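A.B. asks: kindly return the folded structure for what I paste below:
(2 chains)
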Protein chains: 2
Amino acid sequence: VAEDVWVPIDRLRRFGAGLLTALGVPEEDAALVVETLIEADLRGVESHGLAHLVEFYVRRIQAGHLNPRPAMRVVREGPAFAVLDADRGFGFVAAHRAIDLAMEKAEGAGVAFVVVQRSTHYGAGFHYALKAARRGFVGLSVTTGGNIVVPPGGRRRAYGSNVIAAAAPTGKGWEFVLDGATSVVAGGKYEIARRRGTRVDPAWGITEDGEPFDDPELFFAGRGAILPLGGRPETGAYKGFGYGILADVLSGVLSATGASALLPRTGAAAHCLAAVHIESFLPKEEFLRQMDAFIDRLKETDRLPGVAEITIPGEPEARLERERRARGEVPLHPSILEGFRAAAEELGVPYDLP
Amino acid sequence: VAEDVWVPIDRLRRFGAGLLTALGVPEEDAALVVETLIEADLRGVESHGLAHLVEFYVRRIQAGHLNPRPAMRVVREGPAFAVLDADRGFGFVAAHRAIDLAMEKAEGAGVAFVVVQRSTHYGAGFHYALKAARRGFVGLSVTTGGNIVVPPGGRRRAYGSNVIAAAAPTGKGWEFVLDGATSVVAGGKYEIARRRGTRVDPAWGITEDGEPFDDPELFFAGRGAILPLGGRPETGAYKGFGYGILADVLSGVLSATGASALLPRTGAAAHCLAAVHIESFLPKEEFLRQMDAFIDRLKETDRLPGVAEITIPGEPEARLERERRARGEVPLHPSILEGFRAAAEELGVPYDLP
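C.D. replies: So this is what the prediction gives:
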């Protein structure tokens, strides 16, 4: 089994932006996309980081599914909402614009939702919610995902691994971050297992016969589907299914783009970015005080044997990010670097990574 | 095992309102509380219906934890938000006011959040979201719950069975309704098992030794805690934990009432009711068309053997409600009626139920 290689972040920035600009992406957009992918790897979200750069983005620009030079514009707006048309451009770029606009509007109105229509894959959901939390808002980030989830009672993929992400500031030096697909896991977890030659947890999904499976190749053969969060109906599958539909309502439907289940298999997506202006509701210090008291209480919970600490979603990721930023490097699987090298040759971009 | 008794709705309305007004609750509020509880039983949400009338509400008024004649008022507001102080009155009454205000504000701004501070148990979360959906909004309903959930890695109860509920209109004659605690199940599911003398699913919770358990009495002895939605960390427990914290952020923290984990064990609660004005984003007919196309696609999913139909959250509940409204009766366990009879005697209220 090949070990991860530590790669300098500054070189990844230059290399990634080089690949994208070679395909006609404006420099500013290319930098934003690559910086966002790096943020995923910095925080250990390996399922949504640079591993996707070539397969999800370079290839989709080449196939004509992703518009490298879109004319994004706000097509509808009011005091606490807007609809942004992404013109099939990078979901990353559209979602950054959308959360920025949501924060601006929320500052005046208290809360704002910006939905993004005709967009594409925006990476991990957390980026945009975390951006808002770092600026003193509660952030929400919702998107349609690829159609790899099976509804309760079904035996085939039918709807998206839709995401509901959220973040809020704390006084602890890190932000609370809920990130994740409304399915048991995201499809990226199968990609990781394939890269690493490992098995997957059989409770993540079912085959077309309704059986659990631990071979990731069954997933890539289209013969396995991921279960909604909750797993079985008896343990909350209808809740996970409901969260998935809610995500579609707020992104695919409200943006008039179409729910996940009806989107073409080209990376087409729709999002909803929302910001809650904390100071409208209560003084910021009081919010932080209440968050910290809550976190302290959770951390005092008696632990199971072998558990060193109760961790809050967002806390371990922030620790990793701090360590990796200090080191100036992120770990990448050699197969990802091989993909980079091949794409660089193909596009005539200099390759100076390990 | 005792069988459920079918009880006429109109008699339940009269009887329930009689109990509450005998305790000083204004007639209009008493009628609203009872109607909301009946709606839960009509839709088969037995965990949050009339079964709670005496233990949760009558007893808490008597104990001084629930203010029967509160002075509720909006203490802060803007174009897309408000903070409503419930003055420790009925959560039902406060949440109805809050969703009404959220709809009013969302009509002007596109979206609105109304948080409710210093409130009490508001029953099932779905009522207020469904109310909004029936009026052409996407509705969200979030609340702190009782502290019966264990964080991942913990072995004791630490935070609330917080609820995130949502609803949206469809063109199908019923509404999409996501309802439920952010834990595997709500505490009410253990109450149902106790009443019916059945075992519970061992995957719902753990004992203080970290073991699964199927005896509901362990839960009532305080020796069992419910797991976050997702169950184990490997199958998404950190997502369920994250949803639970998000619910606390939007209700307990944003309202300055305190997160679930820090609230006293008296039924104290905080909520967040939100409305999204669909027509601000797209024509209502287009929204319904997209919802129906999505639902049709989900229902076409190939099914597991023995599964007659893929059902959407909110669909079976609407069917039950239609049947039970037509019949004019809801089924109640005899032990609930016994509790009613005892409370009626105690409060000098006439008892004319079966």
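
A.B. asks: beyond the helix or strand containing residue A:289, next helix or strand please.
C.D. replies: Applying DSSP states H and E as the criterion places residue A:289 in helix A:284-299. Counting by DSSP H and E, the next helix or strand C-terminal to helix A:284-299 is helix A:315-327.

A.B. asks: adjacent strands (with direction) for the helix or strand just after that following helix?
C.D. replies: Later in the chain than helix A:315-327, the nearest helix or strand by DSSP H and E is strand A:329-332. Strands that pair with strand A:329-332, judged by DSSP bridges, come out as strand A:5-8 (antiparallel).

A.B. asks: do a quick rundown of the strands in the stretch 101-250 of chain A.
C.D. replies: Here the stretch 101-250 of chain A has its strands, by DSSP state E, counting those that start in this stretch, at A:111-120, A:137-143, A:147-149, A:159-160, A:163-168, A:176-178, A:205-207, A:224-226.

A.B. asks: circling back: alpha carbons of the helix holding residue A:289, as CSV, please.
C.D. replies: Listed next in CSV are the C-alpha coordinates belonging to helix A:284-299 (Å, rounded to 0.1, in the frame of the first residue of the first chain):
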residue,chain,number,x,y,z
LYS,A,284,-21.9,38.6,19.9
GLU,A,285,-20.1,38.0,23.2
GLU,A,286,-23.3,36.5,24.7
PHE,A,287,-23.5,34.2,21.7
LEU,A,288,-19.9,33.1,22.2
ARG,A,289,-20.4,32.7,26.0
GLN,A,290,-23.4,30.5,25.4
MET,A,291,-21.6,28.4,22.8
ASP,A,292,-18.6,27.9,25.0
ALA,A,293,-20.7,26.9,28.0
PHE,A,294,-22.5,24.4,25.8
ILE,A,295,-19.2,23.0,24.5
ASP,A,296,-17.7,22.7,28.0
ARG,A,297,-20.8,20.8,29.2
LEU,A,298,-20.6,18.4,26.2
LYS,A,299,-16.9,17.8,26.9
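
A.B. asks: need the contact partners of that helix.
C.D. replies: Residues from elsewhere that reach helix A:284-299 (Cβ atoms under 8 Å, 6 or more residues apart in numbering or on different chains): A:136, A:168-172, A:176, A:278, A:281, A:309-310, A:312, B:151, B:158-159, B:245, B:248-249, B:252-254, B:256, B:258-259, B:261-262. For glycine as for every other residue, the C-beta is placed from the backbone atoms N, C-alpha and C.

A.B. asks: need the buried ones from these selected in ChimeraX.
C.D. replies: Per 16 or more other Cβ atoms under 10 Å in any protein chain shown, the buried members of the contacts of helix A:284-299 correspond to this ChimeraX selection:
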select /A:136,168,169,170,172,176,278,281,310,312 /B:151,158,159,245,248,249,252,253,254,256,258,259,261,262
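
A.B. asks: what does the stretch 1-150 of chain A put close to chain B?
C.D. replies: A:76, A:78-81, A:83, A:106, A:108-113, A:115, A:138, A:150 (Cβ under 8 Å from any Cβ of the partner chain).

A.B. asks: which one of the residues you listed sits closest to residue B:319?
C.D. replies: Checking those against residue B:319 with Cβ to Cβ, the nearest one is residue A:150 at 22.9 Å.

A.B. asks: leaving out sequence neighbours, find the closest residue to the closest one.
C.D. replies: What sits nearest to residue A:150 in space, not counting adjacent residues and going by Cβ to Cβ, 6 or more residues apart in numbering or on different chains, is residue A:225, at 3.8 Å.

A.B. asks: same check on residue A:127?
C.D. replies: residue A:36 (5.3 Å).

A.B. asks: how about the stretch 201-350 of chain A: which residue is closest to chain B?
C.D. replies: residue A:242 (3.2 Å; Cβ to the nearest Cβ).

A.B. asks: and that residue, what does it touch?
C.D. replies: So residue A:242 contacts B:166, B:176-180, B:313 (Cβ under 8 Å, 6+ apart).
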